[in-house]
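In: what shape does this take:
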Amino acid sequence: MDTTNVETQAPVITLTDAAVTEVKRLINVQGIEEGGLRLGVKGGGCSGLSYTINFDDKIGQYDQVYDFNGVKVIIDAKSAIYLQGTQLDYQKDLMGGNFKFLNPNANKTCGCGESFSA
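Out: Reported below is the predicted structural model:
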């Protein structure tokens, strides 16, 4: 994975310790050796925009890359506008666990927390 785009300025998004731990666990379980966690925003969902989260080994020219305790996070330039100041958390309960976006730019969020409007 090319890390020449690794940002040294304040990150667009932050990850809680719980989120970093869970991402590292997923990387180990899936045997991922290169790449990072790609976070983004796309059109759709109940509120107009929805979050995307997946692993990716490709870094585009305009992507921003941040390192959180060994976890590389990749964000495209368009998504960075909507994710500025967001915190990614991981929460576990009796039903399992899920990632939760705490986005200060969201004017409206759907009940499931997977979509928002800005």
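
In: quick one: the helices in this protein?
Out: Under the criterion DSSP state H, the chain contains helices at 17-30, 77-83.

In: save these as a markdown table, and put in distance to Asn69, mean neighbour count and mean pLDDT too.
Out: Quick note: C-beta positions are derived from backbone N, CA and C, even for glycine. As requested, the helices of the chain are exported to a markdown table (distance: least, Cβ to Cβ, whole Å; neighbours: other Cβ atoms under 10 Å; pLDDT from 0 to 100):
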| stretch | distance to Asn69 | mean neighbour count | mean pLDDT |
| --- | --- | --- | --- |
| helix 17-30 | 5 | 15 | 95 |
| helix 77-83 | 19 | 18 | 93 |
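
In: against Thr21, how distant is the residue of the chain most remote from its centre?
Out: The outermost residue of the chain relative to its centre, with distances by Cα atoms, centre = their mean, is Leu94 at 23.6 Å. Remark: distance between Leu94 and Thr21 (Cβ to Cβ, to the nearest Å) = 19 Å.

In: please name the residues that touch the residue nearest the centre of the chain.
Out: By Cα atoms, centre = their mean, the chain has its centre lying nearest to Leu39, at 3.3 Å. By Cβ atoms under 8 Å, 6 or more residues apart in numbering, the residues touching Leu39 are Ile13, Tyr51, Thr52, Ile53, Val73, Ile74, Ile75, Ser79, Leu83, Leu88.

In: could you dump the helices of the chain to JSON lines with distance to Lys100?
Out: JSON lines is the format used below for those (distance: least, Cβ to Cβ, whole Å):
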{"stretch": "helix 17-30", "distance to Lys100": "9"}
{"stretch": "helix 77-83", "distance to Lys100": "14"}
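
In: show me what Gln91 bridges to in the sheet.
Out: Asn98 (DSSP bridges).
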